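> no sequence for this one, just the structure:
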């Protein structure tokens, strides 16, 4: 069993930056792919970014490519999402998740989820 706790969300103006963190506990963090997803009310959960166990492999959604960066620190059991040049359409609840597969974008392949952190970008 793993516990994932997100932090770092908040209210920011368009063009600003935030860094989300997700701290993991309970099972070997360094063995798993970590992902970030986001969701707005009434819409499906959307893939944002993923990173493999070593950090050498990543995937980024086209909608955030060039603005968001995913990274991890296996010594701290933490994965990060650096979000720059934020836009109002980035407003959502952001979730981190863990997968035993490779760098995958489908939410169905992630078996552990955090509770989410709200990101609100004002125009």
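That came through, no problem. Just so it is clear, the model here is predicted, and its values are computed rather than measured. Numbers count the residues shown, from 1 in each chain.
> Quick check: pLDDT value at the most centrally placed residue in the chain.
By C-alpha atoms, centre = their mean, the mean C-alpha position of the chain lies nearest to residue 36, the distance being 2.3 Å. Note on residue 36: pLDDT of 98.
> And for it, nearest residue in space, chain neighbours not counted?
Residue nearest to residue 36 in three dimensions, not counting chain neighbours: residue 48, with 4.3 Å by C-beta to C-beta, 6 or more residues apart in numbering. Every C-beta, even on glycine, is put in place using the N, C-alpha and C of the backbone.
> go on, residue 117?
residue 9 (3.4 Å).
> show me what contacts that neighbour?
Listed by C-beta atoms under 8 Å, 6 or more residues apart in numbering, the contact partners of residue 9 are 18, 20, 94, 117-119.
> Endpoints of stretch 108-123, how far apart?
Using C-alpha to C-alpha, to the nearest Å, one end of stretch 108-123 lies 33 Å from the other.
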